[in-house]
Structure formats: C-alpha cells, structure tokens
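Peer 1: Show me how the following folds:
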Amino acid sequence: MASFEVRVVNNDQEGVSGVRVALEFTSIVRGMATEHTDSEGSAHFDGYDEGDIRVYVDGQSCGTYSYEDGGCITITK
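Peer 2: Numbering: from 1, shown residues only. Sure thing, here's the model as predicted:
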C-alpha cells in the first residue's frame, strides 16, 4: 500500500493551507478520498494501491497523475 502526498503551492511555490484536495482513483476498484492541506500545503494519503488518480483542488480538476509510495504530486493554485 502506498503513502503519498499532494502539495498545493501558489505561484511563489509557497504551500497553501486549508485547501480541499479530492482524489478520484481510476483503477478498477474506483473510489474517492478527500483531505485538506496542512500549514505546509500538504495533504497526506495512506493505504492506497499505487496507480493513477484524478486530482481536484477546491472542486477544480487539476489533471490525472500517477502516484507511488513515498511520492509527492505538486499542484500550483
């Protein structure tokens, strides 16, 4: 099972806190997960199989990404 993070940053590459990050898993076993970013702009997700996800930040689609254990996906908001 993978543990990874999604980091939301502004144009100055500073973390943005309190942002809602939703993931839509694209594998056969589909599902959703939602977290809010911490003071560093990171939302942590644990216990998922590695693969592809669609990332939504505050309800806006930010694209599809592959994730792996220990990885980090960075989104500029």
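
Peer 1: got any ranges where the chain has weak pLDDT?
Peer 2: For the chain, applying pLDDT under 70 flags the ranges 29.

Peer 1: Strands of the chain, start to end?
Peer 2: Remark: strands assigned in the chain by DSSP state E are 2-9, 20-25, 31-36, 42-48, 51-57, 60-67, 72-76.

Peer 1: Could I get the buried residue list for the first one?
Peer 2: What that stands for is strand 2-9. If you call a residue buried by 16 or more other CB atoms under 10 Å, then strand 2-9 has these buried ones: Phe4, Glu5, Val6, Arg7, Val8, Val9. C-beta here means a position set from N, CA and C on the backbone, and glycine is covered the same way.

Peer 1: If you count contacts, what does it end up packed against?
Peer 2: Judged by 3 or more CB pairs under 8 Å, 6 or more residues apart in numbering; DSSP states H and E, strand 2-9 is in contact with strand 20-25, strand 42-48, strand 72-76.

Peer 1: Render the CA-only coordinates of the first one in PDB, please.
Peer 2: Just to be clear, that refers to strand 20-25. What follows is strand 20-25, C-alpha atoms only, in PDB (Å, rounded to 0.1, in the frame of the first residue of the first chain):
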ATOM      1  CA  ARG A  20      -9.600  20.700  -0.100                       C
ATOM      2  CA  VAL A  21      -7.900  18.000  -2.200                       C
ATOM      3  CA  ALA A  22     -10.000  15.300  -3.600                       C
ATOM      4  CA  LEU A  23      -8.700  12.200  -5.400                       C
ATOM      5  CA  GLU A  24     -10.600  10.000  -7.800                       C
ATOM      6  CA  PHE A  25      -8.900   6.700  -8.300                       C
END
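
Peer 1: Can you tell me what sits against it?
Peer 2: 6, 8, 30-37, 43, 45, 48, 51-59, 75 (CB atoms under 8 Å, 6 or more residues apart in numbering).

Peer 1: Would you mind writing the CA trace of stretch 66-77 as CSV?
Peer 2: The C-alpha trace of stretch 66-77 is given here as CSV (Å, rounded to 0.1, in the frame of the first residue of the first chain):
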residue,chain,number,x,y,z
SER,A,66,0.5,8.6,-11.4
TYR,A,67,1.5,8.1,-7.8
GLU,A,68,3.8,5.7,-5.9
ASP,A,69,4.7,5.0,-2.4
GLY,A,70,6.5,8.0,-0.8
GLY,A,71,5.7,10.2,-3.8
CYS,A,72,4.6,13.8,-4.0
ILE,A,73,2.3,15.5,-6.5
THR,A,74,2.6,19.3,-6.6
ILE,A,75,-0.2,21.4,-7.9
THR,A,76,0.0,25.2,-8.4
LYS,A,77,-3.1,27.1,-7.4
